[in-house]
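# What follows is a predicted structure for the sequence shown.
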Amino acid sequence: MSLLDKLAPMSERVRAIGDRPVPFDTVIDEANGPCEVVIGGRPTLMCGSNNYFGLSFHPDVIAAAQEAAARFGSATTGSRVASGTLRLHRELEEDLAAAFGMRQGLVFTTGYQANVGLISSLCGPDDVAVIDVESHASIYDGTRLSGARVFAFRHNSADDLARKLAQQPRGRCLVVVEALYSIAGDLAPLPEIAAACREAGAFLAVDEAHSFGAYGAHGLGCAEAQGVLGQVDFLVGTFSKALGGVGGFCVSNHDALKTLHFVARPYVFTASGSAATIAGVRAALRILLADRSLNARLWENVRRLRTGLAQLGYRLGATASPIVPVRIGAADRAIALWQGLLDAGLYVNIVLPPGCRADACQLRTSVTSAHSAAQIDRALAIFEWVGRDLAILSAAACSSS
Ligand code: PMP
């Protein structure tokens, strides 16, 4: 088998879809705000972004990005190590560290690189990484680059984590968890996980990619909401969701975080975020931390969508969060529903193997504070008639709505 032959099964799967919409390959022609896009020439409601507060379209964010692009140009054209750090990068790092009340902050070009850079810099071949089995690809990839021994523990099981940690050397072990899981939409039991780490002398990194902004009295995420911010060694986040930008960050009270500037390969060997991106994210951070009404609107919309989908008869993930998984089962049914929704003007995410078990395919709907009640109701109406048309919803379930 040649190198190219390996790709043939995937090209065949795509070819088999014919001229119907291909999952994971949607082209967006226009965006008319955070919730309305144009796909295939049709106005389409966006319920598949991670733009949880719609901030990528906030006028102050756009103005800050435009002004920074005019002052610094369209790109940094190099790594911070090679070509220099913009004052803006430093200021954003200071803003983030201050927001979390931590001593250090470091900005990465993407959230993916934040996880890969952190894990591969802290762990080497003589160390151990212990991760939740349902971790994001960036966490798995970080452990691969590190060369560390890797153990996965049962999803969200602090007991299984404690068992896995019991055999590991103190001080040589990094535990990495997500706070809000990006596919299942469920929450990590952070106090129990932090206790297991403390007991075993392990360091704890928490990825708040999807939870930053949505949880906690100040919107700092699940560690804040669950009262364990002080027990997290490294808190990772991304700009590509709540902050409407692109990039990632890590904050910590360990001064060692600063050293990643010199050693983290996914940081050293890639160009830094543009001035426009960084200035936009700084503006978004200011808005998100100051305006708590965004958070209230987000949760109101979560309630409205979950209640409506459940009343229609869809099976949802158990935890209420801005990620609303709609459980379908077999891949052909999930693809048919996804395509039917798109044809009807609603874009959501789809999860297929290898991202899930063959019988656990799902649509992944995400809610933002920027959706109006009318938009959520429109999404529900589309879910209702497409689900009924494809016999995914039974007539009885539909008529009860
Ligand atoms: N961590 C998690 C849990 C994620 O879901 C994602 C992206 N979906 C990332 C990290 C990577 O973030 P980014 O897309 O900003 O690179």
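Arrived safely, thanks for sending.
# Closest residue of the stretch 251-400 of the chain to the ligand?
Ile323 (9.5 Å; Cβ to the nearest ligand atom). (Each C-beta comes from the backbone N, C-alpha and C, glycine too.)
# hmm, I was thinking of the stretch 51-200 of the chain
For the stretch 51-200 of the chain, Cβ to the nearest ligand atom, closest residue to the ligand: Gly111, 2.5 Å.
# mind listing what that residue touches?
The neighbours of Gly111, taking Cβ atoms under 8 Å, 6 or more residues apart in numbering as the test, are Ser138, Ala209, Val236, Gly237, Thr238, Phe239, Ser240, Gly247, Gly248.
# Mark which of those residues are part of helices, please.
Ser138 (DSSP state H).
# Check the contacts of Gly111 against Leu96 and report the nearest one.
Each of the contacts of Gly111 was scored against Leu96 by Cβ to Cβ, and Gly237 proved nearest at 7.9 Å.
# can you give me the strands for the stretch 151-300 of the chain?
Secondary structure of the stretch 151-300 of the chain (DSSP state E, counting those that start in this stretch): strands at 173-178, 203-207, 234-238, 248-252.
# Just the C-alpha atoms of the last one, please, in CSV.
Meaning strand 248-252. What follows is strand 248-252, C-alpha atoms only, in CSV (Å, rounded to 0.1, in the frame of the first residue of the first chain):
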residue,chain,number,x,y,z
GLY,A,248,-4.8,30.1,23.2
PHE,A,249,-3.4,30.9,26.6
CYS,A,250,-2.1,29.3,29.8
VAL,A,251,-2.1,31.0,33.2
SER,A,252,-0.4,29.7,36.3
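# Can you give the distance from that strand to the centre of its chain?
15 Å (Cα atoms, centre = their mean, to the nearest Å).
# Report all helices and strands that that strand contacts.
Packing partners of strand 248-252 (3 or more Cβ pairs under 8 Å, 6 or more residues apart in numbering; DSSP states H and E): helix 87-100, strand 104-108, helix 111-122, strand 234-238.
# about what we covered before: neighbours around the residue of the stretch 251-400 of the chain closest to the ligand, how many?
Using other Cβ atoms under 10 Å, Ile323 has 25 other residues around it.
# Return the residues in contact with the closest residue to it other than its chain neighbours.
Spatial nearest neighbour of Ile323, excluding adjacent residues (Cβ to Cβ, 6 or more residues apart in numbering): Gly185 at 3.5 Å. Residues near Gly185 by Cβ under 8 Å, 6+ apart: Gly317, Thr319, Ser321, Pro322, Ile323, Val324, Pro325, Arg364.
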